[in-house]
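**Student:** Below are the sequence and a predicted model for it; my questions follow.
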Amino acid sequence: MAAPKPWTIVELLRWAADYFRDKGVSEPRASAEVLLANALGLSRLDLYLRHDQPLTPEELARFKTLVLRRRQGEPVAYITGHREFWSLDFLVSPAVLIPRPETEILVQAVLEVLKTENRKPKTENRGLDVGTGSGAVVIALARELPGMQWVAVDVSRAALDVARENARRHRVAQQIHFFQADLFAGLKPGFGFGAIVANLPYVPRGEWEQLPREIRSFEPPGALLGGEDGLDFIRLLARQAPHYLRPRGWVALEVGAGQAPAVMELLEETGAWHCLETIPDYQGIQRVVRAQRLDAP
Ligand SMILES: C[S@@+](CC[C@H](N)C(=O)[O-])C[C@H]1O[C@@H](n2cnc3c(N)ncnc32)[C@H](O)[C@@H]1O
């Protein structure tokens, strides 16, 4: 009897995408492509260039293991250990939130104001990232602003390990001082940062159950849950941030859908800010709230 014909790349891609679709896995085609590319050590483009290449039994077995993990709902980024953000490749582990595309709006919002300032001589050039996670935001900023130094804090030691490794891989470790802290604990008021950027947990308690299972079962709840109305951490940050910024320093906060008006109000209550602004993401959701500290808080 003739040996069964080995699967080719194109056949397997079609099979896996259909299988994921049948099982209700999100992004079936993209999942199939990324996982097959990972199993074969190829890029996604290579899959198309080598579409009729047959797989060895070992390659097939490796791919099947990845398919089964994805079938259980595990996010592709945790299976491969990588996620692209700001056109950079970031290592991710279950200790960190998978960086989201909309968070690039936060990076842009900070760059918009700091790029102009950093062209001027004698400007304050230290920034703070609160809740750094994988380090995606601060690393993107450090690469864009090579003259600037950053402090990046997170309560999770395991997340900081991932962030440090990402900073090293992207050659910005010298620009970023990572340390474990609860918001501003361990930082001296009057430190005089030029910018504070934060994507803190903001999911309201009652919305947890509505999140996709893929998120609830795999991503760290401590990176997502922000208390009753989702604003526990942002509220604390809005009150404390003016004391850690220099006059005319900037704060930029990522917020959840519908939270921008409440966050604007929280900032306004302190009387410490001007130039308050919300910035929408590509879906039209007001995603970032940005403000500048007045001369005297
Ligand atoms: C939504 S994730 C953002 C991660 C990353 N900055 C990003 O944008 O992809 C929030 C991060 O804040 C951290 N965090 C939660 N509570 C914190 C606190 N009280 N102080 C500092 N970091 C905190 C979590 O561990 C998590 O890494």
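**Tutor:** Here it is on my side, so go on. Numbers count the residues shown, from 1 in each chain.

**Student:** Go through the strand or helix carrying Glu277 and flag the buried ones.
**Tutor:** In this assignment (DSSP states H and E), Glu277 forms part of strand 273-280. Neighbour-count burial for strand 273-280 flags Trp273, Thr278, Ile279 (criterion: 16 or more other Cβ atoms under 10 Å). In this view, the C-beta of every residue, glycine as well, is placed from N, C-alpha and C.

**Student:** So which residues of the protein form strands?
**Tutor:** In the chain, strands defined by DSSP state E lie at 82-85, 88-91, 126-130, 149-154, 176-180, 193-198, 245-254, 273-280, 286-293, listed in chain order.

**Student:** and the angle from the strand holding Glu277 to strand 245-254?
**Tutor:** Orientation of strand 273-280 against strand 245-254 (axes from the mean of the first three to the mean of the last three Cα atoms, to 10 degrees) gives an angle of 20 degrees.

**Student:** average pLDDT across strand 273-280?
**Tutor:** For strand 273-280, the per-residue pLDDT values average out at 96.

**Student:** what residues does that strand touch?
**Tutor:** Contact with strand 273-280 is made by 105, 108-109, 242, 251, 260, 264, 267-268, 286-294, as judged by Cβ atoms under 8 Å, 6 or more residues apart in numbering.

**Student:** give me the low-pLDDT residue ranges for the chain?
**Tutor:** Within the chain, the ranges that satisfy pLDDT under 70 run 1-2, 118-124, 296-297.

**Student:** Show the residue spans covered by the helices in it.
**Tutor:** Shown for the chain, the helices assigned by DSSP state H span residues 9-22, 28-40, 44-49, 57-71, 76-80, 103-117, 136-144, 157-169, 213-218, 232-244, 260-270.

**Student:** Pick the most deeply packed of these.
**Tutor:** The highest average neighbour count among the helices of the chain, using mean count of other Cβ atoms under 10 Å, belongs to helix 136-144 at a mean of 25.

**Student:** For Ser93, find the nearest of the helices of the chain.
**Tutor:** Distance to Ser93, taken as Cβ to Cβ, is lowest for helix 157-169 among the helices of the chain, at 5.5 Å.

**Student:** now the angle between strand 126-130 and the closest one, please.
**Tutor:** Orientation check (the same axes, to 10 degrees): helix 157-169 against strand 126-130 gives 140 degrees.

**Student:** Could you confirm whether helix 157-169 reaches the ligand?
**Tutor:** Yes - applying Cβ under 6 Å from any ligand atom, one finds that helix 157-169 is in contact with the ligand at Ala159.

**Student:** Check which helices and strands that helix is in contact with.
**Tutor:** Using 3 or more Cβ pairs under 8 Å, 6 or more residues apart in numbering; DSSP states H and E as the contact criterion, the secondary-structure elements in contact with helix 157-169 are strand 88-91, helix 136-144, strand 149-154, strand 176-180.

**Student:** Nearest to Ala61 among those would be which one?
**Tutor:** The minimum distance between Ala61 and these falls on strand 88-91, with 24.9 Å, by Cβ to Cβ.

**Student:** quick revisit: and the strands of the chain as CSV, adding distance to the ligand?
**Tutor:** Shown next, in CSV, are those (distance: least, Cβ to the nearest ligand atom, whole Å):
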stretch, distance to the ligand
strand 82-85, 7
strand 88-91, 9
strand 126-130, 6
strand 149-154, 5
strand 176-180, 8
strand 193-198, 8
strand 245-254, 7
strand 273-280, 15
strand 286-293, 11
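
**Student:** In CSV: these, plus distance to Ala32.
**Tutor:** Formatted as CSV, the strands of the chain follow (distance: least, Cβ to Cβ, whole Å):
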stretch, distance to Ala32
strand 82-85, 16
strand 88-91, 20
strand 126-130, 35
strand 149-154, 33
strand 176-180, 36
strand 193-198, 35
strand 245-254, 30
strand 273-280, 32
strand 286-293, 30
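
**Student:** Nearest to Val113 among these would be which one?
**Tutor:** With Cβ to Cβ, the closest approach to Val113 among these belongs to strand 245-254: 5.1 Å.

**Student:** The closest one versus helix 260-270: what angle between them?
**Tutor:** Here strand 245-254 points in a direction 160 degrees away from that of helix 260-270 (the same axes, to 10 degrees).

**Student:** Quick one: residues contacting Ile285.
**Tutor:** If a contact means Cβ under 8 Å, 6+ apart, then Ile285 has Glu102, Ala257 as its contacts.

**Student:** Got the phi and psi for the residue most central in space within the chain?
**Tutor:** The C-alpha lying nearest the average C-alpha coordinate of the chain belongs to Pro99 (Cα atoms, centre = their mean; 2.3 Å). Main-chain dihedrals, Pro99, degrees, to the nearest 10: phi -60, psi 140.
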